[in-house]
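> Sequence below, structure please.
(chains A and B)
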Amino acid sequence: MKLKSLTAVIALAATTLTASASMAEDVTVYGKVNVSLNKLDYGVNGDDKWELESNASRFGIKGSYEINENLKAIYKLEYEISVDGDDDEFKQRNIYGGFQGNWGTLIAGKHDTPTKIAAAKVDRFNDLANGDIKSFFAGENRVGNTIMYTTPKMSGFSATIAAIQGEDTNEVDGPTDGASLALTYRAEGFFVALAHDSDVTSKDINGDKYLTEITRLVGEITFGDLKIGAMMQDAEATDEGVDVQQNGYLLSSQYKIDQWVLKAQYGTTENDIYFVDVDATQIAIGADYKLNKRSKLFAYYSAIEYDTSDGMITIAPENQIVGIGYEIKF
Amino acid sequence: MNKAHLSTLVIISSLILCGNTLAEFDVDDADSLDFESFHADKTPDKKVWRTQKKATSETTFDRIGGKVAPVEQAGAGEVYEIRQRYSLYRSDQTPYSIFYVIEAMHRKMAELCPSGWQKLREWSTPIDTDFYLYYELKCL
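Prediction:
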């Protein structure tokens, strides 16, 4: 474990101890352990391997206290935990402090962009290796140096805007070097979100990072035990001299039968990387078996096929993963 | 003590100290833009039961779901009966131990009777593999 990670954990624990002493009812520990045993097939030279994955298992502390009738201080410190021991024990996830009132919520820290969160509901294999849409969609970003404001819910509508200081990019000339915005509407059995990123650092399908402009439309409809979700996205790198674009769509669904949740997902992106075209297509299916409210068993299969117009792109033609695992919430 | 042991100790300490305030499924809410919901108190609805003033020995109970709604203006002389489910062991119905519900019920009593209260009775009844803890209190 890195020393700075350890220091962070000690700091958050100290915060917890202090807060617990004075206002225990407002401090909450939460998290989940999600592990799976995965069989990976990269489709190259019969290169199979088995891995135990932590699947973004996490540990968080959240809290709040009232400053006055209309103002509450809020904070959250969330860390990814490496259950399988392959990585640092702790890695920063969303961490912020801020204020909340009838005027909305204002926070500052490191956080998933509104664009990323907008898609969370339709990403049925979120956080799973090769299942998460981050494998083939741009825009799945958690960014530091972020100030974020969310409006109160107004008849089902709400908006979130994140102003991002580009301290790790060349764009450091203004109070808002990058921005991410999401407008959402929720009603019974219905969710829709329109999100946009402007000059936010994002990865292309090769893992190379650029400042990117992204527009994402997400929707989900629920019919009883059936949920159907969809997402469309256009992305374009805005760095000078970079010619990288992506557009794609995703369809996903889940169906609940007693303790079972059956899931399926299909998504594809067309990637123009300078003069090379890469089409990435994901097919994923899976099933969760709910043991109780806090724990479940799951199994999934996800294949992403890469169809490349040029052999220069150094990605495998197809990645397949079969995994079985469990999740325990606390 | 090496760093790994220290970090483990720190986490366990945090869990123990905060254990009495575990909320239900905050992790499901964590990746959401609904900060209002995430930072809302997820203490389960108190099963608040209202009673007629203790004019007779027979008490009639009416369940008021969710929010607390006092019979009349909360104030001196009002009598309330509150209850909450707890478990002595692992339970599918409730994650809360007796220590947790005592704290939660004290919070509710403070809310119902801001000027103070007197506990008239305390009792417990079984339900499935769990129990209900009841308090009868009178506002001062």
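> Spatially, what comes nearest to A:Gly144 if we skip its sequence neighbours?
Distance criterion C-beta to C-beta, 6 or more residues apart in numbering or on different chains; nearest residue to A:Gly144, sequence neighbours excluded, is A:Lys110 at 4.2 Å. All C-beta spots, glycine's among them, are computed from the backbone N, C-alpha and C.
> and the helix or strand harbouring the one you found, which strands flank it?
Take DSSP states H and E as the rule and A:Lys110 turns out to sit in strand A:104-112. Sheet partners assigned to strand A:104-112 using DSSP bridges are listed as strand A:90-101 (antiparallel), strand A:142-150 (antiparallel).
> Quick one, which of these gets closest to A:Phe190.
Taking C-beta to C-beta, strand A:142-150 is the member of the strands paired with strand A:104-112 nearest to A:Phe190, at 19.8 Å.
> by contact count, what packs against the helix or strand just after that closest one?
Downstream of strand A:142-150, the next assigned helix or strand under DSSP H and E is strand A:157-164. Where contact means 3 or more C-beta pairs under 8 Å, 6 or more residues apart in numbering or on different chains; DSSP states H and E, strand A:157-164 is packed against helix A:114-118, strand A:142-150, strand A:178-187.
> any chance of the strands paired with strand A:104-112 in CSV, plus mean pLDDT and mean neighbour count?
Formatted as CSV, the strands paired with strand A:104-112 follow (pLDDT from 0 to 100; neighbours: other C-beta atoms under 10 Å in any protein chain shown):
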stretch, mean pLDDT, mean neighbour count
strand A:90-101, 95, 19
strand A:142-150, 95, 19
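> Please tabulate those in TSV and include distance to A:Lys39 as additional columns.
As requested, these are arranged in TSV below (distance: least, C-beta to C-beta, whole Å):
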stretch	distance to A:Lys39
strand A:90-101	25
strand A:142-150	28
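> Find the residue closest to the residue in the stretch 201-330 of chain A that chain B sits nearest to in space, skipping its chain neighbours.
Relative to chain B, the nearest point of the stretch 201-330 of chain A is A:Asn292 (4.9 Å; C-beta to the nearest C-beta). In space, and not counting its chain neighbours, A:Asn292 is closest to B:Asp92: 4.9 Å by C-beta to C-beta, 6+ apart.
> cool, A:Val242 as well?
That would be A:Tyr210: by C-beta to C-beta, 6+ apart, it lies 5.4 Å from A:Val242.
> Would you confirm that the residue nearest to A:Gly144 contacts A:Tyr79?
No: A:Lys110 lies out of contact with A:Tyr79 (C-beta atoms under 8 Å); the separation is 11.2 Å.
> Compare the two and say which is more crowded by neighbours.
A:Tyr79 (24 against 15; other C-beta atoms under 10 Å in any protein chain shown).
> Give the helix, strand or coil label for the residue nearest to A:Asn292.
coil (DSSP: H, G, I helix; E, B strand; the rest coil).
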